[in-house]
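K.L.:
Here you go, sequence then predicted model.
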2 protein chains.
Amino acid sequence: METIWQNVYTARARSMSSSVIRELLKLTEQSDFISFAGGLPAPEVFPIVQVRAAAERVLTEHGAQALQYGTTEGYRPLRELIASWMRDDPRHRLPACGVDNILITSGSQQALDLIGRMFIDPGDRIVVESPTYLGALQAWSAYGPQYVTVPSDEAGMVVDALEQALRAGPKFIYLVPNFNNPTGRTLSPERRRALIEIAARHGVPIIEDDPYGQLRFEGEMLPSLVSLAAGRGPVNGAYHGNVIYLSSFSKILAPGLRLAWVCAEPEVIVMLTRGKQGADLHTSTLSQIIAYELAKDGFINQHLEVIRRTYRERRDVMLAAMQQHFPASARWNRPEGGMFLWCELADGVDATERLRAAVPKKVAFVPGRVFYPCGGGENTMRLNFSNAAPDQIREGIARLGEVLR
Amino acid sequence: METIWQNVYTARARSMSSSVIRELLKLTEQSDFISFAGGLPAPEVFPIVQVRAAAERVLTEHGAQALQYGTTEGYRPLRELIASWMRDDPRHRLPACGVDNILITSGSQQALDLIGRMFIDPGDRIVVESPTYLGALQAWSAYGPQYVTVPSDEAGMVVDALEQALRAGPKFIYLVPNFNNPTGRTLSPERRRALIEIAARHGVPIIEDDPYGQLRFEGEMLPSLVSLAAGRGPVNGAYHGNVIYLSSFSKILAPGLRLAWVCAEPEVIVMLTRGKQGADLHTSTLSQIIAYELAKDGFINQHLEVIRRTYRERRDVMLAAMQQHFPASARWNRPEGGMFLWCELADGVDATERLRAAVPKKVAFVPGRVFYPCGGGENTMRLNFSNAAPDQIREGIARLGEVLR
């Protein structure tokens, strides 16, 4: 019963095999588990009533358009609205950002894929943080890059180590500067400026992946890299610069809509659009017009307050429970926003083994080593605090404490 | 002001430049044009009221689920429903088709992309019809295949020529057997059986792309290739066979939802799912649950009657108008379903030149040569009859007649 398919797969496809950790995590996907393993928003804060009203309005007023094919670049009013956000948001203040700077994608995952498709030839080098976002590695695995890693600490990517990494002649630098996935870390203002300066000097572009930037619930807003790189002033009424900025509706509205955007030079948008045409023609028109209806009158900004309040409470509950239940040898951070925190166990403790021990106790997390593209991080763990309710967090952390002590 | 991006693009990305024909067609995208160039369904038949009611129900009853992340394979009840279609539809009758045979994709375009991602290494050979679906070529351009073409005539792919093409050792054979895009042609029953036999003998799998199969408005239903290849009987309660079958909700419900499916062996579904995880994580949960709500009680089957009636009328209007206005030297077919018909002008007439002449008359079509991966077809044109209303078709064909005479 051997199939002919085995001979058809590419070598890279065959190498994308299932890992031990993935198999372990599969066991934890049952409903009686308390899981800190996912990266899911709190469903309690989804604006279901507002989405329903928007869907009703969209299908009443723009029904035929919402159900028809659309342009690959995305629904123009939504692109214009996002361009206005990029101009007005104090984190960005991109004076000349316009509709030609914006591409709508089917989640940021697709934006990462399109970057891989248009930028990565097999063997190309790419600079990433270590640890880094797993979804980026999964998107790019199809294109065969080699990773050059730069370590990170509590102030984000260690920019001092970047100069060395850039000697490898990478295609681009990729990072999640705000409330990083997996670490929850945020790149410091000084390092932001240094990063822009070093990258410009070496002529290497930057991919700024920012799904969590709006989820800051305390501390000071920091300028985005895209804004820091746009120092040369407006050109032809559009943003020009060496940063591709990615953000998403998944964390500020709802991930089920699969909506995100890219902000980049018009020429880069043209290129990514060509890639997207081959990938899925365009993103759901219905999703796009619903999001536009919800966003155009400022609802998302109001709604962000609810999300931030909820996540701050959950972070605080998790930190307090960890203080109570985790061993003294463990160290963890206190992110000022986002959805994740990062915990280092004592040297020599294997977090994957601890996950195996946690399974019978019906609690889950992600062992940090999956986020290290070149190995390391065996004693680290990523904890998601957005998806579980406070009581569940207390109970789950207590169970984890038993496993870790 | 030269940018650093030029050095970042892959060679293949740079080669995906804009063509003369694409530039010409861009001119025809204004609303005062009568366009037979697109591949759009008739917006008049979108079931807007029913989609609105379904959206309302979904967001009332399953709101948190519809807005949350979902599994990469797709919404399980929708996958189960599609598996039941593949078992019960007289065109398929796949006795053992189950949920593990089905993957939901973001339109069939994404299914084509995932096949490229998992199956095509640079330089791999792929057998396609000539002419063939342009979206497949666009999806696969990122992966660097070489095309081996097999001609087609009014009975579809000329299977007699396949044996020769298979000597090149291709990874797979790709075709649109029903109401082909661009030609509107349908593969004859004899050729279907011959194709399955030859492919099996050579150990080469088949990709059966079938977005239009349900749009038959006259003539006899033909068995799908996937059903003909499933002769070995059920294995472990799932379909096993050498065909990957693709179909879509775009033509039977609404393209704006971006919903399609793959039916294949479980092992192939696992592989394509890994690819999809890197491409966009999953397809819009909201779209999937809306489609499920509409499909589960048989609405789509009823609605198909409306679509078929509408398209049959439009085809007939177009054929009558062509008879009246087109030059005697032109020849065209009479598809029994689908959305396109195919017209050959006299030898030596350049359809691209004719498009240029049509632009000032505000009427558009696609010159057939863009569908030939290895050249040819300069005197051919694809005409879409689904998207324009009957009066528009009469007027547009009259204008085209002036250009062609």
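P.N.:
Received the coordinates, thanks.

K.L.:
Excluding chain neighbours, what is closest to residue A:386?
P.N.:
With C-beta to C-beta, 6 or more residues apart in numbering or on different chains as the criterion, residue A:386 has its nearest non-adjacent residue at 4.0 Å, and that residue is residue A:339. C-beta: built from backbone N, CA, C; applies to glycine.

K.L.:
Around that neighbour, count how many other residues there are.
P.N.:
27 (other C-beta atoms under 10 Å in any protein chain shown).

K.L.:
Double-check it against residue A:216; I have them as touching.
P.N.:
No. If you go by C-beta atoms under 8 Å, residue A:339 and residue A:216 don't touch, sitting 11.9 Å apart.

K.L.:
so what sits against both of the two?
P.N.:
Taking C-beta atoms under 8 Å, 6 or more residues apart in numbering or on different chains as the contact criterion, the residues that touch both residue A:339 and residue A:216 are residue A:179.

K.L.:
Which strands and helices lie in contact with the strand ranked longest in chain A?
P.N.:
Ranked by number of residues, the top strand in chain A under DSSP state E is strand A:146-153. When contacts are defined as 3 or more C-beta pairs under 8 Å, 6 or more residues apart in numbering or on different chains; DSSP states H and E, strand A:146-153 sits against strand A:125-130, helix A:162-166.

K.L.:
Which one of those lies nearest to chain B?
P.N.:
strand A:125-130 (10.6 Å; C-beta to the nearest C-beta).

K.L.:
give me every residue that touches residue A:186.
P.N.:
Residue A:186 neighbours (C-beta under 8 Å, 6+ apart): A:155, A:156, A:177, A:178, A:179, A:180, A:222, A:335, A:336, A:337.

K.L.:
Give me the spatial nearest neighbour of the fifth one, chain neighbours excluded.
P.N.:
On the basis of C-beta to C-beta, 6+ apart, the spatially nearest residue to residue A:179 that is not a chain neighbour turns out to be residue A:338, at 2.5 Å.

K.L.:
And that neighbour, how close does it get to chain B?
P.N.:
Relative to chain B, residue A:338 is positioned 16 Å away (criterion: C-beta to the nearest C-beta, to the nearest Å).

K.L.:
what about residue A:355, how many neighbours?
P.N.:
A total of 24 residues lie near residue A:355 under the criterion other C-beta under 10 Å.

K.L.:
Of the helices and strands packed on strand A:146-153, flag the one that's most buried.
P.N.:
Using mean count of other C-beta atoms under 10 Å in any protein chain shown, the stretch among the helices and strands packed on strand A:146-153 with the greatest mean number of neighbours is strand A:125-130 (a mean of 24).

K.L.:
List the neighbouring strands of it plus their orientation.
P.N.:
Counting by DSSP bridges, the strands paired with strand A:125-130 are strand A:146-153 (parallel), strand A:172-175 (parallel).

K.L.:
hang on, the earlier thing: quick one: contacts for the residue nearest to residue A:386?
P.N.:
Each residue near residue A:339 by C-beta under 8 Å, 6+ apart is listed here: A:39, A:41, A:179, A:181, A:184, A:212, A:215, A:251, A:311, A:384-387.

K.L.:
can you check residue A:197 too?
P.N.:
No residues are in contact with residue A:197 under the rule C-beta under 8 Å, 6+ apart.

K.L.:
Tell me the helix or strand right after the helix or strand where it lies.
P.N.:
Taking DSSP states H and E as the definition, residue A:197 sits inside helix A:189-202. The helix or strand immediately downstream of helix A:189-202 is strand A:206-209, counting by DSSP H and E.

K.L.:
doesn't residue A:362 make contact with residue A:403?
P.N.:
No. In this structure, residue A:403 sits apart from residue A:362 without contact. The criterion is C-beta under 8 Å, and the distance is 11.0 Å.

K.L.:
Could you check how many residues crowd around residue A:239?
P.N.:
The tally of other residues near residue A:239 (other C-beta under 10 Å) stands at 29.

K.L.:
From chain B, how far off is it?
P.N.:
12 Å.

K.L.:
Residue A:230 is in contact with that residue, correct?
P.N.:
Yes. Using C-beta under 8 Å, residue A:239 makes contact with residue A:230 at a distance of 5.8 Å.

K.L.:
who touches both of the two?
P.N.:
Common neighbours of residue A:239 and residue A:230 are listed as residue A:94 (criterion: C-beta under 8 Å, 6+ apart).

K.L.:
Using TSV, lay out the contacts of residue A:339 together with neighbour count and distance to residue A:261.
P.N.:
Putting those into TSV (neighbours: other C-beta atoms under 10 Å in any protein chain shown; distance: C-beta to C-beta, whole Å) gives the following:
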residue	neighbour count	distance to residue A:261
A:39	22	19
A:41	26	18
A:179	26	18
A:181	24	18
A:184	27	23
A:212	27	15
A:215	22	17
A:251	25	13
A:311	25	22
A:384	26	24
A:385	25	26
A:386	23	21
A:387	22	24
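
K.L.:
which of these lies closest to residue A:195?
P.N.:
For residue A:195, the closest of the contacts of residue A:339 turns out to be residue A:179, at 17.0 Å, with distances computed as C-beta to C-beta.
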